[in-house]
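**Q** Generate a structure from the sequence data that follows.
(one chain, ligands or ions: 1)
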Amino acid sequence: MKTLTGKDLAAAIRAQTQAEAAAGVQPRLAVVVATADEASLWYVRSIAKAAAGLGIACDVVDLGPDAAPDQIAETLARLSAAPDVHGVMLQTPLPPGASAQQLAAAIDPRKDVDGANPLSLGRLAAGLPAFPPATAAAVMALLDHYEVPLEGRRAVVVGRSTVVGKPLAHLLLDRHATVTVAHSRTRDLASVTARAEVLVAAAGRAGLIGRDHVAPGAVVIDVGTNPTDDGGLTGDVDATAVADVAAALTPVPGGVGPVTTALLLRHTARAANLP
Ligand SMILES: Nc1nc(=O)c2c([nH]1)NC[C@@H]1CN(c3ccc(C(=O)N[C@@H](CCC(=O)O)C(=O)O)cc3)C=[N+]21
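**A** Purely as a prediction, here's the structure:
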């Protein structure tokens, strides 16, 4: 089995983004945080660090885990109206009672670099220009980087979230794949995934995809970032179990994650230079 690392691809995207950022106005990203979730805060720090290296300004607006939905919405609206802010992102998870889908409607679609506004998803579904969620875009970038053919092929996405499964289904459809979306209520998941030529695991359940879920020769993309007891990170795919059946697998860490961060910053540089 081949290991499809995302590190080289992420480095290439960052280098190109740095050049784009230097060519126009300095891009500025605002990340709104209303959580104490460790994984989410780790992601925010990694965005801020990568941005600094690329000449992109990054403001972390931390409202704390007790922020009220109205306060979050007002913050997103204020940042969307600020002329010197080009990208606005709302981190998940959110405080109880706050809905990411509802709040993200307050992000100007032209600044919606993580494709969170329902308008962005609608535009994506309709084939109109929009920023896709960075994670969904990262899956497509990895498939393209490793020249995985999609046209006419069976692609199965496990997971139907607004940030990954749903937008990814549209992106794969645009590339003429035959797309199936499976999820937690799918009966006999293995019989569905075992028909996939391209299998994307984005369910958020460690070890969900094992030997029986994978067809011989399948390309498997692991979007899962599940925390382990020892403070590490593990995917939705049992990498050892699928090693002698899959043709290729993205690792966790070092696969989709680094490409996601790089693409969020690419989107920010592009948002800064929209006509
Ligand atoms: N609105 C929103 N959009 C998101 O995309 C979003 C979010 N909220 N909230 C939090 C999760 C988490 N997430 C990760 C992205 C990259 C890595 C990543 O690059 N991880 C490294 C390793 C990290 C380690 O080893 O601890 C890797 O995979 O190589 C991880 C997790 C995006 N998220």
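**Q** Pull out the buried residues from stretch 64-76.
**A** 67, 72-73, 75-76 (16 or more other CB atoms under 10 Å). Where you see a C-beta, it was placed from the backbone N, CA and C, and this is true even at glycine.
**Q** which ones among these are found in helices?
**A** Those of the buried residues of stretch 64-76 mapping onto helices are 72-73, 75-76, per DSSP state H.
**Q** returning to what we had before: can the buried residues of stretch 64-76 go into TSV with extra columns for distance to P149 and pLDDT?
**A** Listed next are the buried residues of stretch 64-76 as TSV, based on distance: CB to CB, whole Å; pLDDT from 0 to 100:
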residue	distance to P149	pLDDT
A67	45	98
I72	42	98
A73	43	98
T75	43	98
L76	39	98
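**Q** could you check the distance from V220 over to P69?
**A** In this view, V220 and P69 are 38 Å apart by CB to CB, to the nearest Å.
**Q** what do you get for P167?
**A** From P167 to P69 the distance is 23 Å (CB to CB).
**Q** One more: A196?
**A** Distance from A196 to P69, counting by CB to CB: 38 Å.
**Q** and what of D230?
**A** D230 is 35 Å from P69, where distance means CB to CB.
**Q** Same check on A247?
**A** 45 Å.
**Q** How about A82?
**A** For A82, the distance to P69 - CB to CB - is 21 Å.
**Q** repeat for P133
**A** Taking CB to CB as the measure, P133 and P69 are separated by 21 Å.
**Q** I figured R211 hits T240, correct?
**A** No. Using CB atoms under 8 Å, R211 makes no contact with T240, being 9.3 Å away.
**Q** By proximity to the ligand, which residue of the stretch 51-200 of the chain wins?
**A** Using CB to the nearest ligand atom, the single residue of the stretch 51-200 of the chain nearest to the ligand is T92, 4.0 Å away.
**Q** Who are the contact partners of the nearest residue to that residue once chain neighbours are set aside?
**A** Excluding its sequence neighbours, the residue lying closest to T92 (CB to CB, 6 or more residues apart in numbering) is A100, at 5.2 Å. By CB atoms under 8 Å, 6 or more residues apart in numbering, A100 lies in contact with 90, 92, 94, 116, 162.
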